[in-house]
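1. Fold the stuff below for me.
(chains A and B)
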Amino acid sequence: GEKVEQHESTLSVREGDSAVINCTYTDTASSYFPWYKQEAGKSLHFVIDIRSNVDRKQSQRLIVLLDKKAKRFSLHITATQPEDSAIYFCAANYNQGKLIFGQGTKLSIKP
Amino acid sequence: ETAVFQTPNYHVTQVGNEVSFNCKQTLGHDTMYWYKQDSKKLLKIMFSYNNKQLIVNETVPRRFSPQSSDKAHLNLRIKSVEPEDSAVYLCATQGPEVFFGKGTRLTVV
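-> So this is what the prediction gives:
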């Protein structure tokens, strides 16, 4: 079946450095790739997405890259801040728009 | 701003009981979902509901059933809960983006 693999289960970076989280997907028909952030004790909050008609999208400190050939996409958080600490989930759409999620990456920002 | 409302926030119950969780969305979206998030934070889709069409994930046990009165509501009923049902149940709605409610944490003792 369709899968989304999130490669880093945990990631620790120093405040101010960049963090990169990588995901791969299996469904060649996938065309929509959102990212969600989940802070401790809270629900998932949409942060950024990318569609298959582009290979790069930026929103302030967040950059998403998409490599359709490799079926890989990544989230780059630049100039990290303590409030970036959370679990980040990547996702890809399949079968009429439903989302399948990666396993989550726990990002810790160290002072 | 919250647009997907779930109740209750928490629920503790005994094995074998029946529970029901509510979800309401105010975004006017046609599609709603229930996801289960386990203790390892893994997210699994359980149901999707669009224009009165229900799509069930084939791995969902039959004791789970969604209930919808209109496109703004999609409730989740669990008949005879089991210990492995302990999890956070997340309701979501989809326009271009998917928006999640705050979740209902179920603990089965």
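2. Only C-alpha atoms from now on, for both contacts and neighbour counts.
-> Fine.
3. continuing past the least confident helix or strand in chain B by mean pLDDT, what's the next helix or strand?
-> Ranked by mean pLDDT, DSSP states H and E, the helix or strand of chain B with the weakest confidence is strand B:53-56, at a mean of 80. Using DSSP states H and E, the helix or strand that follows strand B:53-56 towards the C-terminus is strand B:64-67.
4. Against which helices or strands is the helix or strand that that following strand is followed by packed?
-> Beyond strand B:64-67 on the C-terminal side, the first helix or strand identified by DSSP H and E is strand B:75-78. If contacts are counted by 3 or more Cα pairs under 8 Å, 6 or more residues apart in numbering or on different chains; DSSP states H and E, strand B:75-78 sits against strand B:19-25, strand B:64-67.
5. Please identify the most buried of the ones you listed.
-> Mean neighbour count (mean count of other Cα atoms under 10 Å in any protein chain shown) peaks for strand B:19-25 among those, with a mean of 21.
6. contact partners of that one?
-> Counting by Cα atoms under 8 Å, 6 or more residues apart in numbering or on different chains, the neighbours of strand B:19-25 from elsewhere in the structure are B:3-8, B:72-79, B:81, B:91, B:93, B:101, B:104.
7. quick one, strands of chain A?
-> Applying DSSP state E to chain A gives strands spanning A:4-6, A:10-14, A:19-25, A:32-38, A:44-51, A:56-59, A:62-67, A:72-77, A:86-94, A:98-101, A:105-110.
8. partners of the third one, with directions?
-> Strand A:19-25 has the following sheet partners, assigned by DSSP bridges: strand A:4-6 (antiparallel), strand A:72-77 (antiparallel).
9. now the ones you listed in TSV, with mean neighbour count and mean pLDDT?
-> As requested, these are exported to TSV (neighbours: other Cα atoms under 10 Å in any protein chain shown; pLDDT from 0 to 100):
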stretch	mean neighbour count	mean pLDDT
strand A:4-6	21	96
strand A:72-77	20	98
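10. Okay, and the beta partners of the closest residue to B:Tyr33 other than its chain neighbours?
-> Once flanking residues are discounted, B:Tyr33 sits nearest to B:Ser48: 4.4 Å by Cα to Cα, 6 or more residues apart in numbering or on different chains. When bridges are assigned using DSSP bridges, the partners listed for B:Ser48 are B:Tyr33, B:Ile55.
11. about what we covered before: output the least confident helix or strand of chain B as PDB, nothing but the C-alphas.
-> Listed in PDB are the C-alpha atoms of strand B:53-56, where the atom choice follows Å, rounded to 0.1, in the frame of the first residue of the first chain:
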ATOM      1  CA  GLN B  53     -20.100   8.600   1.100                       C
ATOM      2  CA  LEU B  54     -18.200   6.800   3.800                       C
ATOM      3  CA  ILE B  55     -14.800   5.300   3.200                       C
ATOM      4  CA  VAL B  56     -13.500   3.000   5.800                       C
END
